[in-house]
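[1] Any chance you could fold what I've pasted below:
(2 chains)
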Amino acid sequence: MKSHIRELLARAIEKAAKGGELKVTDLPPLLLEPPKQKELGDLATNVALIWAKEQRKSPRAIAEAILKNLEDPDGILARAEVAGPGFLNFSFSPRFCYERLRAVEDGRELEVDLGRGEKVQVEFASANPTGPLHVGHGRVAVIGDVLARLFEAAGFAVEREYYVNDTGRQIEQLGLSIYLRYRELHGETIAFPQEGYPGDYVRELAAEVKRRWGERFLAEKREDAVQFLSGFGGESLLGAIRRDLADFGITFDSFVSEKGLRERKEVERTIELLRSRGLLYREEGAEWFRATAYGDDKDRTVVKSDGELTYFASDIAYHRNKFERGFKKLINVWGADHHGYVNRLKAAVKALGYDPEILHVVLVQMVHLTRGGEPVRMGKRLGEFVTLREVVEEVGKDAARFFFLMRKSDSHLDFDLELAKKESSENPVFYVQYAHARIASIFEQARQSGIDVEAVRSNAVMLERLERAEEMELIKRVIQCPEAIEESVRELEPHRLAFYLLELAGEFHRYYNRFRVISDDGELTRARLVLLRNVQKVVRSGLHLLGVEAPSRMAPRDEAALDAAAGAAESSTRGR
RNA sequence: GCGCCAGUAGCUCAGGUGGACAGAGCAACGGCCUUCUAAGCCGUAGGUCAGGGGUUCGAAUCCCUUCUGGCGCGCCA
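    Predicted structure coming up:
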């Protein structure tokens, strides 16, 4: 829709320039947005205001000049006018809206082709396999997953990747923790170290080790046992993480192992490359990368004084590997606690000679988890934390996913478990799903009154009968869907799609309450069925992009059951 | 101390590349079920856009500054 107007504007400006009414310059980065008050039209632009200074004319004069030269051979517009300080306001003609609606039915209008098959990689989740995923990971995972879905919808060839930190200090600590718990199981009293992992899952792993291998590790050398158990623990936990994510609707195309990168010497070779370009220097026995030469505020260690490579060294090699795979866009979805890492990574990318513009880092702010208003501490180093799995089991996959997508990623997210459980029926996800189910229900009703719903196609229906203001609003909202997807992709902000769906659902519920779809007027009934089918189609597509189910039926609220649950024959509080 | 993110209605948050009277949901209050699911709809009320300066014809939006909260500033990962 916007693109149609943009085109008309560009032509009008060109014509005005030729006629000498405007100076010829490049089109400014004009804003084309729906005005705040919808009475003013469907879209408004501020070109004239932006241009006023450069053109040395009053905004209104410029707007008039553009308007005078505006041609609309296809009848897209119902209205175009200059208003206020010099805005140009446009309203779409019903005819144009009907035509776009038909396109939705044909499946054309939902196809957004921004990508043209370009290769994009989304790397997300990537939690260390040293414990189960917690809610914070869940938010990161959902945002990454939905970004991937959005990019697919927009015509990109997407690869989802999980980077596994399966080597280094933390994995060793995991192995040691399992080892110590294992010895405890054999009757020893152990002073559990501060840096160990205290969670119950470590005891469970130790018990499994005991079941499978008996007393074998009591006899082995401690280092050997710990090394083995590190590998065992890491693999087990990665498996658990993958199951948690799969049950949350999230899968990956590839897993890249840090250990693998090291074993294939990719890390060493990358460091050698930097060294050969003179980008490293030695100081205090360690080797440093000149990150400050590429925009970072500090130089960074890549080889420790004991000769060990740092995590950062692996990460440089990993990103080199990504670039070598030929992606046109790399998207990293990280927890915001890693934000200090962005600059050093970009510096390394630049130093290696790759285009840093290809790499996008989406930072996802912390989830503030509460239970009945009381903060719940999170973190792998604390005994008690709430896992993603627990949350999903409590509030459901759909509600959890939608909740995580309800805020832009760089805002902190408040997530109260009690609230999510107790008032789960108030969760906005139901509002959107209900719109989908309600429409399905109307179709069922129509079938029962003998209408062949599937056979009612837009090209055989008088869409012109949809002439109410509310109907036009609903149609316009439906045909905006591709723009919602485009914006979400362009800004890397999946929450925009969630907001769009809430608006669309709201528009539908309003309409539903105001008009009856099935009536004695067969022609009008068929036109409304076509409209609703397309509303439903967009809601369904949108929910699928968010990884949320689009049910055809939602259990009607059972008041008797609710009252029984409430405990007594209390007054039938008509819930919401 | 330095850096990043946030501070918008009682609560949770949109809007933020400057633009026309500041939006939504929840909570509050008042209405709407003999008709396609009331998990819905309609209405009322609610705001010095954290405070203060500045730039501009115009600032929630940009700049400076103060305050508050979170996170980050390792030869940890």
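[2] And the helix ranked longest in chain A, what does it pack against?
    In chain A, taking DSSP state H as the definition, the longest helix is helix A:222-247. Judged by 3 or more Cβ pairs under 8 Å, 6 or more residues apart in numbering; DSSP states H and E, helix A:222-247 is in contact with helix A:169-185, helix A:200-213, helix A:216-219, helix A:388-395. For every residue, glycine as well, the C-beta is placed using N, CA and C.
[3] any idea which of those is most buried?
    Most buried of the helices and strands packed on helix A:222-247 by mean neighbour count (mean count of other Cβ atoms under 10 Å) is helix A:169-185; its value is a mean of 21.
[4] Can you show me the CA trace of that one as PDB?
    C-alpha atoms of helix A:169-185 as PDB (Å, rounded to 0.1, in the frame of the first residue of the first chain):
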ATOM      1  CA  ARG A 169      36.600 -23.700  32.200                       C
ATOM      2  CA  GLN A 170      32.900 -23.900  32.600                       C
ATOM      3  CA  ILE A 171      32.600 -27.300  31.000                       C
ATOM      4  CA  GLU A 172      35.400 -28.500  33.200                       C
ATOM      5  CA  GLN A 173      33.600 -27.200  36.300                       C
ATOM      6  CA  LEU A 174      30.600 -29.100  35.200                       C
ATOM      7  CA  GLY A 175      32.600 -32.300  34.900                       C
ATOM      8  CA  LEU A 176      34.200 -31.700  38.300                       C
ATOM      9  CA  SER A 177      30.700 -31.000  39.900                       C
ATOM     10  CA  ILE A 178      29.400 -34.300  38.500                       C
ATOM     11  CA  TYR A 179      32.500 -36.100  39.700                       C
ATOM     12  CA  LEU A 180      32.200 -34.800  43.300                       C
ATOM     13  CA  ARG A 181      28.500 -35.600  43.500                       C
ATOM     14  CA  TYR A 182      29.300 -39.000  42.100                       C
ATOM     15  CA  ARG A 183      31.700 -39.600  45.000                       C
ATOM     16  CA  GLU A 184      29.100 -38.300  47.400                       C
ATOM     17  CA  LEU A 185      26.800 -41.000  46.100                       C
END
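[5] so does that helix get close to RNA strand B?
    Yes: counting by Cβ under 7 Å from any atom of the strand, RNA strand B has neighbours in helix A:169-185: A:169-170.
[6] outside of that helix, which residues touch it?
    A:128-130, A:165, A:190, A:192-193, A:195-198, A:202-203, A:205-207, A:209-210, A:217-218, A:222, A:225-234, A:237 (Cβ atoms under 8 Å, 6 or more residues apart in numbering).
[7] Among these, name the buried ones.
    Buried by 16 or more other Cβ atoms under 10 Å: A:128-130, A:165, A:196-198, A:202-203, A:205-206, A:209-210, A:217, A:225-234, A:237, out of these.
[8] So which bits of the stretch 151-300 of chain A are right by RNA strand B?
    Residues of the stretch 151-300 of chain A lying near RNA strand B (Cβ under 7 Å from any atom of the strand): A:165, A:167-170, A:258, A:283-286, A:298.
[9] Same list (those) but as TSV, adding pLDDT.
    What follows is those, written out as TSV (pLDDT from 0 to 100):
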residue	pLDDT
A:165	94
A:167	93
A:168	90
A:169	89
A:170	91
A:258	95
A:283	91
A:284	89
A:285	90
A:286	94
A:298	90
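[10] Let's have the residues you listed in TSV, adding secondary structure.
    Output for these, formatted as TSV (DSSP: H, G, I helix; E, B strand; the rest coil):
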residue	secondary structure
A:165	coil
A:167	coil
A:168	coil
A:169	helix
A:170	helix
A:258	helix
A:283	strand
A:284	coil
A:285	coil
A:286	strand
A:298	coil
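[11] quick one, what contacts the nearest residue to residue A:175 once chain neighbours are set aside?
    Nearest non-adjacent residue to residue A:175, counting by Cβ to Cβ, 6 or more residues apart in numbering: residue A:230, 2.9 Å away. Residues near residue A:230 by Cβ under 8 Å, 6+ apart: A:171-172, A:174-176.
[12] mind checking how far residue A:295 is from residue A:344?
    Distance of residue A:295 to residue A:344, given as Cβ to Cβ, to the nearest Å: 9 Å.
[13] The two: which has the busier surroundings?
    residue A:344 (22 against 12; other Cβ atoms under 10 Å).
[14] Surely that one and residue A:293 touch.
    No: assessed by Cβ atoms under 8 Å, residue A:344 is found out of contact with residue A:293, at 11.9 Å.
[15] The nearest residue to residue A:38 once chain neighbours are set aside: neighbouring residues, count only.
    Sequence neighbours aside, residue A:473 is the residue nearest to residue A:38 in space, at 7.8 Å (criterion: Cβ to Cβ, 6+ apart). Counted with other Cβ under 10 Å, residues neighbouring residue A:473 total 15.
[16] does residue A:473 really touch residue A:507, like I thought?
    Yes: the pair residue A:473 and residue A:507 qualifies as a contact (Cβ under 8 Å) at a distance of 6.0 Å.
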